[in-house]
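Q: Provided below for reference: sequence and predicted model.
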Amino acid sequence: MISFGHCLGKLPISLHRAQQLKIANQDTLFVLRSPVFLIPLIPVLSQMIEPVRHTGATVVGRAPYTCPQGTAYTLAGDGCAGAQDNGSVRRPDYFWGFINGVVYPTRPPWNVAGVDYAVGYSGTLKDPSVPNSLPLCVEGSGNTRRIDADVQPCVLDHFDFSLNGGYCFKITGANRNTVVFSNDLFSHGPSNCTEHSGWIFIDRDTKANILVQDSEFDDNYSSHSNGAITTSGDGDITVSYSAALGITGRLENVNNGATGSITNKYNYVEGIGNGEEHGEIVEINTKEPYVYNENWNNYYASDTNCCDTALLYITSGAPGPQGPGLLLSATASYNVLIARANPTQKNEVTVSAPIWVDTTFTNDIETLAVDNNYIDPSGSYHAVFVYPPNDTGSIGAASCVGNTSLKTGLPIKGTFGSKSSVLVCR
């Protein structure tokens, strides 16, 4: 049974955005915004699902939440107002000594993910091996399970997927339904998953959306996967309010033939790339049109990481049969991007550039926004870099304003790139 309260107007219930309060035994409690309804359980769209979050209104048993940096940026979307009360990862001293003892002379004025509010899972996690604990959309046994996205609702909530050697999921489906991972922990154990494509893999010819929220990927550089999440299918991937610690490869990897979008927001990454795999947050290797958004995140490459091209690698395809590709749009705004120097590497470079825009191999980016990011490029050659060694690709409408050096507090300005691939930062 689903219980609804505070519904807006008289529009069909499926049009409203709900707040998920509890998931237990396939019963789900939601809160909307007006009279109370009791209706049968229905398939839940991804945009309707949110864990209990701060809304400014009083919730029974909860005090109104105060964001440490105030509310000037909450309406702009800094994520604090929507964060859970508790999460598995928070670094309150992040700008004041947490990172190699560095005290930064400046910091972003907004509430930063993993610093001013916690991200990751909260509450007690369940053992997935307990019979009938997983939803009906999950099939199979052992470490690798299949998820049929067309069996709805498909919500995997409050599970410890690090148990029993670690769990991986291969997602199939034909109707672009949504699979939700909420308040889950992913980590490889001694007999970890053997999927080369990470913990969550969207199979080729699959049409499904993936929503990961309030979860943690804790790898300790032990996996051999290209990405924590990998897609070869058609669908939108959204990761929010989540933490990734010690990731060998990428947070998300887009294989050739994949279509759709990636949206990352309100996430914290600490340590990515150890030389076995490039550690970009996302790498897109498809010739199909794609959309890529990175907003209000906090990404940190430590002084033990190495050999990465970028934290934000904004490109639409690699050489070979994958390219040329097309990014319909790409945004990188209101992020904290830190690349610390690695003394064991040539020129102490951890990441070539925290933001690397690439239009080689005749790749095109139709619209691009690189705005209001705070960057420490101590372990990089550049803070922002555009790489077109020839004139085969292009950048269309572009903006680059308000970017700031964490080291100096000064704006990051300049003209990057050449010919038809130019980004002017003011």
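A: Done, it's in. As the structure is a computational prediction, the values presented were derived from the model and not from experiment.
Q: Tell me how far residue 97 lies from residue 231.
A: 38 Å (CB to CB, to the nearest Å). Bear in mind the C-beta positions are built from the backbone N, C-alpha and C, glycine included.
Q: neighbour count winner among these two?
A: For the pair residue 97 and residue 231, the greater number of neighbours falls to residue 231 (31 against 11), based on other CB atoms under 10 Å.
Q: Test my guess that that one contacts residue 237.
A: Yes. Using CB atoms under 8 Å, residue 231 is in contact with residue 237, at 6.3 Å.
Q: what residues are shared contacts of the two?
A: Residues touching both residue 231 and residue 237 (CB atoms under 8 Å, 6 or more residues apart in numbering): 202, 210, 252, 260.
Q: The first one - how many residues pack around it?
A: Think residue 202. 31.
Q: What of the third one?
A: By other CB under 10 Å, 25 other residues sit near residue 252.
Q: and it, what are its bridge partners?
A: Taking DSSP bridges as the rule, residue 252 bridges to residue 229, residue 282.
Q: Quick check: residue 280 touching residue 305?
A: No. Applying CB under 8 Å as the test, residue 280 and residue 305 come out as separate, 11.4 Å apart.
Q: Give the residue spans of this protein that score low on pLDDT.
A: Residues of the chain meeting the criterion pLDDT under 70: 1-65, 189-197, 222-226, 275-277, 318-323, 389-391.
Q: can you give me the helices in it?
A: Counting by DSSP state H, the chain has no helices to list.
Q: follow-up on the earlier one: where do the contact lists of residue 280 and residue 305 overlap?
A: Common neighbours of residue 280 and residue 305 (CB under 8 Å, 6+ apart) are 272, 273.
Q: next one: stretch 310-317 to chain centre, how far?
A: Taking the mean of its C-alpha atoms, stretch 310-317 sits 14 Å from the chain's own mean (CA atoms, centre = their mean, to the nearest Å).
Q: Contacts only, for residue 392.
A: 324, 359, 360, 361, 362.
Q: Break down the stretch 101-250 of the chain into its strands, ranges please.
A: Counting by DSSP state E, counting those that start in this stretch, residue ranges of the strands within the stretch 101-250 of the chain are 138-139, 144-148, 154-157, 168-172, 177-182, 185-186, 200-202, 208-213, 216-218, 227-231, 234-240, 243-247, 250-254.
Q: Of all those, which one comes closest to residue 110?
A: Residue 110 lies closest, by CB to CB, to one member of the strands of the stretch 101-250 of the chain: strand 234-240, at 15.8 Å.
Q: quick one: contacts of the closest one?
A: 46, 79, 176, 202, 206-214, 229, 231, 251-252, 258-267.
Q: Report the contact partners of residue 306.
A: With the criterion set at CB under 8 Å, 6+ apart, residue 306 makes contact with 273, 274, 275, 342, 344, 345, 349, 350.
Q: If it is in a bridge, with which residues?
A: Here residue 306, judged by DSSP bridges, has bridge partners residue 274.
Q: Hmm, residue 219 is touching residue 188, no?
A: Yes. Between residue 219 and residue 188 there is a contact under CB under 8 Å: 6.2 Å.
Q: and stretch 106-113, C-alpha only, in CSV?
A: Below are the C-alpha coordinates for stretch 106-113, written out as CSV (Å, rounded to 0.1, in the frame of the first residue of the first chain):
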residue,chain,number,x,y,z
THR,A,106,39.2,30.4,-0.1
ARG,A,107,36.4,28.0,-0.6
PRO,A,108,33.1,27.9,-2.4
PRO,A,109,30.3,30.1,-0.8
TRP,A,110,27.8,27.3,-1.3
ASN,A,111,27.2,24.1,0.8
VAL,A,112,29.6,21.5,-0.6
ALA,A,113,28.7,17.8,-0.9
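Q: I appreciate the help and will end here.
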